[in-house]
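**Student:** Return atomic coordinates for the entry below.
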Amino acid sequence: MSQVEPVPACAEQIFGERLPHARTYAEHLATTGVEWGLIGPRELDKLWTRHILNCAVVAPLIHDDDVVGDIGSGAGLPGLVLSLAQPHASFVLIEAMERRVDWLGMVVDDLGIENVRIIRGRVEDLVDDEVFTVVTARAVKALNVLVEWSAPVLSPGGRLLALKGLKAQEEIDKAKKVLKRDKMTPPVIKLMGEEFLEIPTRVVETARR
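**Tutor:** Numbering: from 1, shown residues only. Model prediction:
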């Protein structure tokens, strides 16, 4: 198994008083997260920079009064991480796989945080039950699918924050028809965490009109 990456100095600036919670979360990822198959052992030597901080630097885009739905939460990336970096907002972790839901529940209970709910299911099934001011997603689906899933559960003016890679613009181009159909604003690519990370996080942001 790879050696776990040390906690970068910038983590304290990003997480503030919740850094101990972030450390505990990282310990879960490196142990039970690997054992339960939520993260690969080869990812441990870049656990903080590629995964935890990659998500946490998105927190400035989330407001204190936001209700955030995190699609396909998996190992808590980005939803659980963002709940630590932005403790005043409310987060709903949406995950269809029972094993992942059980792991998320175990970790949230251990962390003792109260701004998180976990729903086992698919976001498409929540249209009549949940409304979010923000929807987040990382490594789930292409942008066109995320828009299709997100628009029905977003409040007017609600935003989709999709964490994407180098092909973000290509995904935007392919999603033009869906964006127009679902009455979403033209997407903007924002680079987050440039002051902390060698490779900043690309976030595609679009809002419901």
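**Student:** For the closest residue to Leu154 other than its chain neighbours, list the residues it contacts.
**Tutor:** Leaving aside its sequence neighbours, Leu154 sits nearest to Arg208 (CB to CB, 6 or more residues apart in numbering; 4.4 Å). From N, CA and C alone the C-beta is placed, and that goes for glycine too. The contact partners of Arg208, by CB atoms under 8 Å, 6 or more residues apart in numbering, come to 151, 154-159, 182-185.
**Student:** one more time with 6 Å, if that's ok
**Tutor:** 151, 154, 158, 184 (CB atoms under 6 Å, 6 or more residues apart in numbering).
**Student:** ranges for the helices of this protein?
**Tutor:** 11-15, 19-28, 34-35, 53-56, 79-85, 98-111, 143-150, 168-174, 176-181 (DSSP state H).
**Student:** okay, these in TSV with mean pLDDT and mean neighbour count next?
**Tutor:** Formatted as TSV, the helices of the chain follow (pLDDT from 0 to 100; neighbours: other CB atoms under 10 Å):
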stretch	mean pLDDT	mean neighbour count
helix 11-15	97	18
helix 19-28	98	18
helix 34-35	97	15
helix 53-56	98	25
helix 79-85	98	28
helix 98-111	98	17
helix 143-150	98	22
helix 168-174	98	15
helix 176-181	98	13
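**Student:** out of those, nearest to Val123?
**Tutor:** Proximity to Val123 (CB to CB) singles out helix 143-150 among the helices of the chain, at 5.0 Å.
**Student:** other SSEs contacting the closest one?
**Tutor:** If you count contacts as 3 or more CB pairs under 6 Å, 6 or more residues apart in numbering; DSSP states H and E, helix 143-150 packs onto strand 154-164, helix 176-181.
**Student:** how about those in CSV, adding distance to Leu111?
**Tutor:** Below are the helices and strands packed on helix 143-150 laid out as CSV (distance: least, CB to CB, whole Å):
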stretch, distance to Leu111
strand 154-164, 22
helix 176-181, 36
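**Student:** Out of these, which is closest to Ser90?
**Tutor:** Per CB to CB, nearest to Ser90 of those: strand 154-164, 13.1 Å.
**Student:** what helices or strands is that closest one leaning on?
**Tutor:** strand 132-138, helix 143-150, strand 201-207.
**Student:** one more time with 10 Å
**Tutor:** strand 67-71, strand 132-138, helix 143-150, helix 168-174, strand 188-192, strand 201-207 (3 or more CB pairs under 10 Å, 6 or more residues apart in numbering; DSSP states H and E).
**Student:** Turn the ones you listed into CSV, columns for distance to Gln86.
**Tutor:** Output for those, formatted as CSV (distance: least, CB to CB, whole Å):
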stretch, distance to Gln86
strand 67-71, 8
strand 132-138, 10
helix 143-150, 19
helix 168-174, 22
strand 188-192, 13
strand 201-207, 14
